[in-house]
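*Asks:* With the input below, show me the fold.
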Amino acid sequence: MTAGHRVFVYGTLKRGRANHPLLAGADFLGPHRTRRGYRLIRLGTYPGALPGGRTALSGEVYRVSPRTLARLDRLESVPREYRRARLSTPWGPAWIYLLRRSPRRGRPLPRGAWPDDAAAG
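*Replies:* Take a look at the predicted model:
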C-alpha cells in the first residue's frame, strides 16, 4: 500500500493484541515513542490516552487505507468516546485516538506503555 493514512496505535491494535487483525493489509512503518504531553490510563482490558499530561506514549505506526481508517473509527467509537488528533512521527503526521473526556475510573500508566507491568506475566 503506498497511499493512505498513517495511524499511531498504543493499545489493543498493536501487534499480538486482540484488535490487531483490524490492521490486516496495513503497512507496519515501525515502533514510535511520542513526545511528552499525554496521560495513558488503563481502562480494564484496554488503555486510553488523553492530551495534557507529562508522559510519552509507546506504540506503533501503520499506513492504512481509508477503509481501514473507517473500521478503526468504528472500533474507537469516534466521535462519541474517542476523537482523532494528529501527532508527528518519523514517517510524517499520523492520527492518534484520544479519549474525548477523562474517565471516572482507571489507573494511570506513568510509563506510557500498555500493557503495563501489572498486566504482564
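*Asks:* ok, Glu81 touching Leu99?
*Replies:* Yes. Using C-beta atoms under 8 Å, Glu81 makes contact with Leu99 at a distance of 6.9 Å. For the C-beta atoms, the positions are set from N, CA and C on the backbone; glycine is no exception.
*Asks:* Looking at those two, which is more packed in?
*Replies:* Leu99 (19 against 13; other C-beta atoms under 10 Å).
*Asks:* per-residue pLDDT, the more buried one?
*Replies:* Per-residue confidence (pLDDT) for Leu99: 97.
*Asks:* And for Thr2?
*Replies:* Reading off the model, Thr2 has pLDDT 55.
*Asks:* With Arg104 instead?
*Replies:* On the pLDDT scale, Arg104 gets 88.
*Asks:* residues contacting Glu60?
*Replies:* Glu60 is in contact with Phe8, Val9, Tyr10, Leu13, Lys14, Arg15, Phe28, Leu29, Gly30, Pro31, His32, counting by C-beta atoms under 8 Å, 6 or more residues apart in numbering.
*Asks:* Export those residues as JSON lines, with columns for secondary structure, neighbour count and distance to Pro21.
*Replies:* Output for those, formatted as JSON lines (DSSP: H, G, I helix; E, B strand; the rest coil; neighbours: other C-beta atoms under 10 Å; distance: C-beta to C-beta, whole Å):
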{"residue": "Phe8", "secondary structure": "strand", "neighbour count": "25", "distance to Pro21": "18"}
{"residue": "Val9", "secondary structure": "strand", "neighbour count": "26", "distance to Pro21": "13"}
{"residue": "Tyr10", "secondary structure": "coil", "neighbour count": "25", "distance to Pro21": "17"}
{"residue": "Leu13", "secondary structure": "coil", "neighbour count": "24", "distance to Pro21": "9"}
{"residue": "Lys14", "secondary structure": "coil", "neighbour count": "19", "distance to Pro21": "12"}
{"residue": "Arg15", "secondary structure": "coil", "neighbour count": "11", "distance to Pro21": "11"}
{"residue": "Phe28", "secondary structure": "strand", "neighbour count": "11", "distance to Pro21": "14"}
{"residue": "Leu29", "secondary structure": "strand", "neighbour count": "18", "distance to Pro21": "18"}
{"residue": "Gly30", "secondary structure": "strand", "neighbour count": "10", "distance to Pro21": "20"}
{"residue": "Pro31", "secondary structure": "strand", "neighbour count": "11", "distance to Pro21": "19"}
{"residue": "His32", "secondary structure": "strand", "neighbour count": "21", "distance to Pro21": "21"}
